[in-house]
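**Student:** Below: sequence and its predicted model.
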Amino acid sequence: MITQDLVRQRVRNLPSLPTTVVSLGQAVADERCTVDRILGILAKDPPLSAAMLRIANTAGFAGDNRVSDLRTALQRLGYDAVLNLSRTTAVIRGFRDSKHLDSILLWQHSVAVALTSKAICKIQGNRAMEETAFLAGLLHDIGKLALDRCFTDEYAPVVEAFHGGEFIVDAEQRILGMTHATVGAMVAENWNFPPELVDAIRDHHTPPKDAFLANLVHLADLMVRTRIPYGPADETLVVALEELPAFYEVFKPGKDFDLERLTFSIDDELDHAVTFVQLAFKD
């Protein structure tokens with residue numbers, strides 16, 4: 001068993017977000033921010049900028065309109081999207097290695113959940129939540145990587161049980177007394193992410209009523225797992241969307257909704273996620 005105090009102590013040793021990403025967050029939060037200020041910050045980290053530009057040209061972001069420079073990317077995607085691209089690139093590159101987990105498969109799952117969460121917001125016309133939804137989806141399983149890195153020996157039997165067919169949350173609770181959702185929330189707190197994001201990561205398996213972001217990530221996670229099983233327990237997973245409480249938290253009764261459009265949109269995002277992660281893993 002592990003304790004929350006021990007987790008908080010060890011997650012402090014995880015890779016922190018690069019100063020470039022921190023500075024971008026501060027700049028974007030400033031209503032007086034300019035394109036030149038953002039470009040000046042990115043110029044201090046050429047490898048991150050190059051990786052971010054590659055990702056900006058994936059189909060999930062650029063579609064058929066490729067961008068060749070960061071100024072165009074900023075103007076086309078907007079400050080929030082560019083900030084999240086930089087965060088995405090930095091986090092994936094900081095957690096490329098793991099002892100027991102298949103990090104590429106985990107990040108493909110996480111990016112697929114991120115893109116799906118964002119796509120649902122787009123379908124709803126909820127543009128204000130798109131980038132927050134993307135980041136919440138991206139980081140919803142960061143606790144798995146944190147446990148694998150900070151508690152390598154203790155996490156080994158969890159992964160073994162997971163590969164044997166046990167749902168990973170059940171294995172974590174049984175063996176460690178704590179789940180990756182709780183640990184992931186502590187990582188997000190350590191990175192000074194906003195409370196709504198911390199809550200969504202912590203609650204994504206058991207989202208409370210009236211918590212839109214947690215229910216959105218929960219729904220997106222299930223939709224992705226039924227299409228790309230993340231482990232043996234997912235291979236027999238069947239989800240009836242319209243029977244899930246989370247479905248009605250995300251899609252409020254009375255609003256027009258095209259389930260077929262959502263299904264096609266999600267299938268597209270899965271292909272985008274694979275390409276996205278392949279580019280992020282490149283040096």
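**Tutor:** Received it, and whenever you're ready, just let me know what you need.

**Student:** in the chain, which helix or strand is least confident?
**Tutor:** Ranking every helix and strand in the chain by mean pLDDT, DSSP states H and E puts helix 259-280 at the bottom, with a mean of 76.

**Student:** to the chain's geometric centre, what's the distance from that helix?
**Tutor:** Centre-to-centre, helix 259-280 and its host chain are 14 Å apart (C-alpha atoms, centre = their mean, to the nearest Å).

**Student:** same check, this time on stretch 5-12
**Tutor:** With C-alpha atoms, centre = their mean, you get 21 Å for stretch 5-12.

**Student:** where does the stretch 1-150 of the chain have low pLDDT?
**Tutor:** Applying pLDDT under 70 to the stretch 1-150 of the chain flags the ranges 59-64.

**Student:** Name the residues of the least confident helix or strand of the chain that are buried.
**Tutor:** Using 16 or more other C-beta atoms under 10 Å as the test for burial, helix 259-280 gives 262, 265-266, 269-270, 272-273, 275-277, 279-280. In short, each C-beta sits where N, CA and C put it, glycine included.

**Student:** can you check stretch 218-232 too?
**Tutor:** Judged by neighbour count (16+ other C-beta under 10 Å), stretch 218-232 contains these buried residues: 218-225, 227, 230-231.

**Student:** And stretch 113-132, by the same measure?
**Tutor:** Neighbour counts over stretch 113-132 (16+ other C-beta under 10 Å) mark 113-121, 124, 126, 129-132 as buried.

**Student:** From the residues you listed, pick the one nearest R66.
**Tutor:** Of all those, the one with the least separation from R66 (C-beta to C-beta) is L115, at 18.1 Å.

**Student:** What about the buried residues of stretch 218-232, which are in strands?
**Tutor:** Using DSSP state E to define strands, no part of the buried residues of stretch 218-232 is located there.
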